[in-house]
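J.: mind looking at a prediction? Sequence and model below.
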Amino acid sequence: MTIQKIGIIGAGQMGNGIAHVMALADYDVVLNDVSQQALDSAIESIEKNMARQVSKGKIPAEAMSTAMARITPTLALADVGATDLVIEAATERETIKQAIFDELLPHLLPHTILTSNTSSISITRLASRTDRPERFMGFHFMNPVPVMQLVELIRGIATDKETYAACHGVVERLNKTAASAEDFPAFIVNRILMPMINEAVYTLYEGVGSVQSIDLSLKLGANHPMGPLELADFIGLDTCLAIMNVLHDGLADTKYRPCPLLTKYVEAGWLGRKTQRGFYDYR
Ligand code: CAA
């Protein structure tokens, strides 16, 4: 099937990054959020990030103006329905995602493929509440979307071959690389990455090292581009905690127990860069 028009739900850091790369790949994008302020700041971020790509000679200036013109921001969830592919990139909470799908379903075209950018929640369970489990799958981008090469593609138990092939085709048109993951808690990337981040928080909690020495150790000792605590701030501590809870509940193993210090930071509203405070102070 041909995919040309893509609906994106959620204009946060993942949603605006997805809109950015889709528009540059000549897809028509409908970008939805519940808040006008979120839509405005998403368009501002996309403009800023594309302008940086233009100034570095990575894309021509005309590509930026064409891409920006392809993005239609909207507050109406119904507008996302008349598309070939929907990517839900709302908050990482199952009840929120389910409520969005419930509201969206009556507006979808019969052929629309429905996907979620969830980083951990069961695709099979999300799909089972929709009218199209065979045309539902996980489409998981990494942050920052314009820079990261990988997209994890996750088949639910009922996902059909045509749906997988169509999503794989989109990843190829983006010049990104797909990794196929089975539908188990947190899939591949976060099954491995989040326990590492959680262990870094335990290392801090138990006083083994300071924030700076933990990050320095992994940057210089393991060649990671960011230390684990800096990366946690970048991803959002609420998202990290939500993923650890999915691993802990879904795999019922104490090795996935979220560090109490991570929970405390989230309870304090210290969510990382987005709130100007996490393991580091950005104020
Ligand atoms: N849009 C476009 N370009 C961007 C960008 C954005 N949002 N953010 C950074 N860039 C570009 C910069 O312009 C720069 O381009 P050049 O190479 O042409 O100079 C390049 O990316 C590197 O950026 P910076 O020079 O600003 O900074 P850096 O070298 O420190 O790299 C980084 C920044 C790419 C974020 C790097 O630190 C990194 O790779 N960090 C790890 C990121 C990571 O692990 N992401 C996965 C998180 S897990 C996830 O997303 C899954 C989940 O479900 C939680």
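T.: Received the coordinates, thanks.

J.: so how far is the first residue of stretch 122-133 from its last?
T.: 12 Å (C-alpha to C-alpha, to the nearest Å).

J.: residues contacting it, please?
T.: Outside stretch 122-133, the residues that touch it by C-beta atoms under 8 Å, 6 or more residues apart in numbering are 94, 97-98, 101-102, 105, 108, 112, 114, 116, 118, 136-138, 154-159, 183, 185, 250. Bear in mind the C-beta positions are built from the backbone N, C-alpha and C, glycine included.

J.: are any of those buried, and if so which?
T.: Among the contacts of stretch 122-133, the ones that count as buried by 16 or more other C-beta atoms under 10 Å are 94, 97, 101, 108, 112, 114, 116, 118, 136-138, 154-156, 158-159, 183, 185.

J.: in strands only, show me those.
T.: Taking DSSP state E, the ones among those that sit in strands are Leu114, Ser116, Phe136, Met137, Gly138, Ile154, Arg155.

J.: distance to Ala178 and pLDDT added to those, as JSON lines?
T.: Below are these laid out as JSON lines (distance: C-beta to C-beta, whole Å; pLDDT from 0 to 100):
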{"residue": "Leu114", "distance to Ala178": "18", "pLDDT": "98"}
{"residue": "Ser116", "distance to Ala178": "16", "pLDDT": "98"}
{"residue": "Phe136", "distance to Ala178": "17", "pLDDT": "98"}
{"residue": "Met137", "distance to Ala178": "11", "pLDDT": "98"}
{"residue": "Gly138", "distance to Ala178": "11", "pLDDT": "98"}
{"residue": "Ile154", "distance to Ala178": "10", "pLDDT": "98"}
{"residue": "Arg155", "distance to Ala178": "12", "pLDDT": "97"}
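
J.: not counting sequence-adjacent ones, nearest residue to the residue of the stretch 101-250 of the chain found nearest the ligand?
T.: For the stretch 101-250 of the chain and the ligand, the shortest gap (C-beta to the nearest ligand atom) falls at Ser119, measuring 3.0 Å. Spatially, and ignoring its direct neighbours in sequence, Ser119 is nearest to Asn190 (5.2 Å; C-beta to C-beta, 6 or more residues apart in numbering).

J.: which ones are touching that neighbour?
T.: Ser119, Ser120, Ile243, Leu247.

J.: secondary structure class for it?
T.: When classified by DSSP: H, G, I helix; E, B strand; the rest coil, Asn190 comes out as helix.

J.: burial of Lys58, as a residue count?
T.: Other residues within reach of Lys58, judged by other C-beta atoms under 10 Å, total 12.

J.: which stretches in this structure count as helices?
T.: Taking DSSP state H as the test, the helices found in the chain are 13-24, 36-55, 61-70, 94-104, 123-128, 161-173, 189-205, 211-222, 228-235, 237-251, 260-267.
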